[in-house]
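# What would the 3D arrangement of this be:
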Amino acid sequence: MRPAAMAAAAAAAKLPRLTTSAALFPSPRPFNSRPAKPTPPPISISMDPAHVDPAHLQALMLACSHSCAVRLSPQSSASATAAEPVDLRKLRVALAHSFLVVSVFCSARFLEDGDGDGGGDGDGDGDGRRLMGLGLGLGLGLGQREDQRLVGFGRAVSDIGLTASVHDVVVHPTLQRRGIGLKIVDRITRVLHNRGIFDISTLCTEKERPFFQACGFGDDALGSTTMMYTGKMHR
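Numbers count the residues shown, from 1 in each chain. Next up, the predicted model:
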């Protein structure tokens, strides 16, 4: 065999040999090549507003850096702190006038063991430690013990006929990315649909947008957008 032919044969021998079986049955990926998604801890879900202590909800929102502060202008928005606590009196009124309230509780030990991986419902930067020690002591037929903590929340407001909007969906930072937020929104939308309300919207930030898209929200069919009133404040 000529030297040129021998070199060509050697080069060809180094190439992978593809067969029909190789194309149909590729080599399996390494086992556990991706980290497994943490499983949610045992939780209790309630739709009774009486189960929500406004002070504990305020602490949960603060731990998630969820602010309800009104942004009157770009200047005030830039100067406002993301972790500004919501006014407790206004929060109590908002709870009383909400059409639906969904709250999630779990044992405190799951907060202490949480990995703080963050998620679509908050930053997951470790601020969840602020919630330690907020025992709820619920003896309201939920099968809960004294060490239960408020770890998730969401609410909806509605005209009880045509439209509804979802607000303040938060999950404790150490328990995010475990499907708890999805359960909250799913419970809200199911109840609204059962009441014949199908025009459901939400007001979210760009950071929260992927989470709500995963919950089934999308762009409005009419191309409408939310506009906030930024004119003079009436007294």
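# Export the helix or strand hosting residue 169 to PDB, keeping only CA atoms.
Here residue 169 is covered by strand 163-171, with elements defined by DSSP states H and E. Extracted C-alpha coordinates of strand 163-171, given in PDB (Å, rounded to 0.1, in the frame of the first residue of the first chain):
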ATOM      1  CA  THR A 163     -62.200  40.300  36.500                       C
ATOM      2  CA  ALA A 164     -59.600  39.400  39.200                       C
ATOM      3  CA  SER A 165     -56.000  40.200  39.800                       C
ATOM      4  CA  VAL A 166     -53.300  38.200  41.700                       C
ATOM      5  CA  HIS A 167     -51.100  40.100  44.200                       C
ATOM      6  CA  ASP A 168     -48.300  39.600  46.800                       C
ATOM      7  CA  VAL A 169     -47.300  36.000  45.900                       C
ATOM      8  CA  VAL A 170     -44.300  35.300  48.200                       C
ATOM      9  CA  VAL A 171     -42.500  32.200  49.400                       C
END
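# so where is the chain shaky, pLDDT-wise?
Along the chain, the model assigns pLDDT under 70 to residues 1-37, 69-83, 112-146.
# for it, what's the longest strand?
The longest strand of the chain (DSSP state E) is strand 148-158.
# name the helices or strands packed onto that one?
With contacts taken as 3 or more Cβ pairs under 8 Å, 6 or more residues apart in numbering; DSSP states H and E, strand 148-158 sits against strand 43-46, helix 54-63, helix 88-97, strand 100-107, helix 108-112, strand 163-171, helix 180-194. For the C-beta atoms, the positions are set from N, CA and C on the backbone; glycine is no exception.
# The strand holding residue 169 pairs with which strands, parallel or anti?
strand 148-158 (antiparallel), strand 199-202 (parallel) (DSSP bridges).
# Fine by me, thanks again.
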